[in-house]
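Participant: I would like the atomic coordinates for the input below:
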Amino acid sequence: MRFTMPDTEGYKDRTHAGRQLARSLRHLAGQADPIVLALPRGGVPVAFQVAQALGAELDVLLVRKLGMPCNEEYAMGAIGSGGVCVLQPGVPGLMGVTQEQVDRVAARELAELGRRDRLYRGGRPAPRLEGRCVILVDDGIATGASMLAAVQVVRKHRVALLVVAAPVGAPDTLKRLAREADEVVCPLAPLRFHAVGQFYRTFGQTDDEEVQDLLAQAWATPAMPIANQQGNQDNRKERT
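Facilitator: From the prediction side, this is the model:
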C-alpha cells in the first residue's frame, strides 16, 4: 500500500482531493494503456482529476451499496454489474437482518444500477479492460463494500494491474483491500476515521448532471499520455 503525507489533514472538495490523489498516482503514468474507473457518483469528480493528470481514459464502474434496513448509511454489502454481490461478515443475521431484507434491498439497488447505466452511458459500450492498468477511484473508503464489489467486477477481466485509489480511507479497510488489489493508494488514512465526509470541507451530494457533464468532457477529448502532453508543451515552447 502507498500512504503519502497530505499537505493538509483534509480536502477542500472533491476536485481538490482528486488533484492531491493524482500526485500519489504519478508512478502509474508510464503504465501501458491506463484507464481510470470512477465509482459514481462521488468518485467521478475525483477520478476526473486523476484521469486528466495521468492522461488516462476515464469511465465509470457501476456498483451500489446495500444499506442496512435500519440505517441505510451503514453498508451491509454491495452489488456490481455481472451479478457480483458482496456481503459484510454476518449478513444475513447481523443486527437481525434477514435474507428476505437483503434480497429486497438488492433488487432495488439493481434497478438503480440499470437506471444509472442508461443515464450515464447512453448506449456507449463498456470499455475494454483486458491487459490494461485499471485504477478504481472513489471519493473515500469506509466499510469498503462498494470498492470490494468493484474489485471483483474488474477481476473478471484479465487486467495487467488493478489499483484501488481514494483520497481518504479507514486503515483497516485499506488493509483488507490490499489483499484483493495489486496496489492500494490512499494519501490520507487517519486512525480516527468515522466517516468520509469529515475529511472534506465541502462534501455535498454529487448529482447525475455533474456526473454526465464530467463524463461528456472526458469522452469528448481522447486521453493523451503524459509523455505526449510533455512533447506538445515542448513544441509550443519552441514555436514561441
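
Participant: Please enumerate the strands of the protein.
Facilitator: Residue ranges of the strands in the chain, as given by DSSP state E, are 35-38, 57-60, 63-68, 71-80, 84-87, 133-137, 161-165, 183-185.

Participant: From Tyr74, how far off is Leu191?
Facilitator: Going from Leu191 to Tyr74 by Cβ to Cβ, to the nearest Å gives 20 Å. Where you see a C-beta, it was placed from the backbone N, CA and C, and this is true even at glycine.

Participant: How about Pro167?
Facilitator: Pro167 sits at a distance of 21 Å from Tyr74 (criterion: Cβ to Cβ).

Participant: more neighbours, the two?
Facilitator: Set side by side, Pro167 and Tyr74 show more neighbours around Pro167, with 30 against 14, by other Cβ atoms under 10 Å.

Participant: wait, isn't that one in contact with Ala22?
Facilitator: No - using Cβ atoms under 8 Å, Pro167 and Ala22 do not qualify as a contacting pair, with a distance of 10.0 Å.

Participant: Just give the closest residue to the residue nearest the centre of the chain, not the sequence neighbours.
Facilitator: In the chain, the residue lying closest to the centroid (Cα atoms, centre = their mean) is Val137, at 2.4 Å. In space, and not counting its chain neighbours, Val137 is closest to Ala47: 3.9 Å by Cβ to Cβ, 6 or more residues apart in numbering.

Participant: Same question for Ala170.
Facilitator: Across the structure, with Cβ to Cβ, 6+ apart as the measure, the residue nearest Ala170 apart from its sequence neighbours is Phe193 (4.3 Å).

Participant: Just read off the phi/psi values of that neighbour.
Facilitator: phi -100, psi 130 (degrees, to the nearest 10).

Participant: Look up how far Gln99 lies from it.
Facilitator: Counting by Cβ to Cβ - Phe193 and Gln99 are separated by 30 Å.

Participant: These two: which is more packed in?
Facilitator: Neighbour count, other Cβ under 10 Å: between Phe193 and Gln99, Phe193 has more, with 20 against 10.

Participant: Pro171 is in contact with that one, correct?
Facilitator: Yes - taking contacts as Cβ under 8 Å, Phe193 lies within contact range of Pro171: 7.0 Å.

Participant: need the longest helix for the protein.
Facilitator: helix 99-121 (DSSP state H).

Participant: What residues of that helix count as buried?
Facilitator: Of the residues in helix 99-121, those buried by neighbour count under the rule 16 or more other Cβ atoms under 10 Å are 101-102, 105-106, 109, 116-117, 120.

Participant: Give me the contact list for that helix.
Facilitator: Contacts made with helix 99-121 from outside it, assessed by Cβ atoms under 8 Å, 6 or more residues apart in numbering, are listed as 40, 60, 62-67, 69, 76-77, 79-81, 85, 87, 91-92, 208, 211-212, 215.

Participant: 6 Å instead, please
Facilitator: Residues outside helix 99-121 that contact it (Cβ atoms under 6 Å, 6 or more residues apart in numbering): 60, 62, 64, 66, 69, 79, 92.

Participant: circling back to that earlier point, out of the buried residues of helix 99-121, the closest to Val163 would be?
Facilitator: Here the nearest of those to Val163, counting by Cβ to Cβ, is Tyr120; it sits at 22.0 Å.

Participant: The closest one and Ser146: what is the separation?
Facilitator: Here the distance between Tyr120 and Ser146 works out to 16 Å (Cβ to Cβ).

Participant: Could you do Leu129 as well?
Facilitator: Here the distance between Leu129 and Ser146 works out to 18 Å (Cβ to Cβ).
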